[in-house]
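Asker: My questions concern the predicted model and sequence given below.
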Amino acid sequence: MAGYIGVFLYAKAVEAAGTDDVNVVRKHLGGITFSAPEGIIGIDPENQHLSKVVRIGKILENGQFQIVSSSEEPIQPIPYPTYKTKEQWNAFLDDLYHQWDEKWANSDTVSKESP
């Protein structure tokens, strides 16, 4: 599901940007919405996280799902757990980035064969 909607959201951002340059496309992601099979989803313009309708289902004997609960509207993302402020989270991430030689992965834990 995430791969499916990701392709459509990316395509809409590329169309809005007029290019496939990743730096330009990222600037056009915020606010994009898509009518996905599960309903309207969108990318929060402030933090680029996805808002979605939340559904809880029960698997039936025939392999289908019965929805037992659903949010009325898409749930807005909360990317920063509340036990730290947004500024504290950003400082934490900046520290990791600098500790990891300005890469978003710790080279000590990533396979040397990874691209």
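Answerer: In hand now; what should we look at?
Asker: K52 - how many residues pack around it?
Answerer: 19 (other Cβ atoms under 10 Å). Any C-beta I mention is one placed from the backbone N, CA and C, and that applies to glycine too.
Asker: Pairing partners for the nearest residue to it once chain neighbours are set aside in the sheet, please.
Answerer: Once flanking residues are discounted, K52 sits nearest to I41: 4.9 Å by Cβ to Cβ, 6 or more residues apart in numbering. Bridge pairing for I41 (DSSP bridges) gives the partners F34.
Asker: Just the CA trace of stretch 6-14, in PDB.
Answerer: Output of stretch 6-14 as PDB, limited to C-alpha atoms (Å, rounded to 0.1, in the frame of the first residue of the first chain):
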ATOM      1  CA  GLY A   6       4.100   6.700  -2.900                       C
ATOM      2  CA  VAL A   7       4.400   6.300  -6.700                       C
ATOM      3  CA  PHE A   8       1.300   8.500  -7.200                       C
ATOM      4  CA  LEU A   9       2.300  11.100  -4.700                       C
ATOM      5  CA  TYR A  10       5.800  11.300  -6.300                       C
ATOM      6  CA  ALA A  11       4.300  11.600  -9.800                       C
ATOM      7  CA  LYS A  12       2.100  14.500  -8.600                       C
ATOM      8  CA  ALA A  13       5.100  16.200  -7.000                       C
ATOM      9  CA  VAL A  14       7.200  15.800 -10.200                       C
END
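Asker: C-terminal to the worst-scoring helix or strand of the chain on mean pLDDT, what's the next element?
Answerer: Using mean pLDDT, DSSP states H and E, strand 39-43 stands out as the lowest-scoring helix or strand of the chain, at a mean of 84. The helix or strand immediately downstream of strand 39-43 is strand 50-51, counting by DSSP states H and E.
Asker: elements contacting the host helix or strand of G57?
Answerer: Assigned by DSSP H and E, G57 belongs to strand 55-59. Counting contacts by 3 or more Cβ pairs under 8 Å, 6 or more residues apart in numbering; DSSP states H and E, strand 55-59 is packed against strand 65-70.
Asker: Centroid-nearest residue for this structure?
Answerer: H49 (4.2 Å; Cα atoms, centre = their mean).
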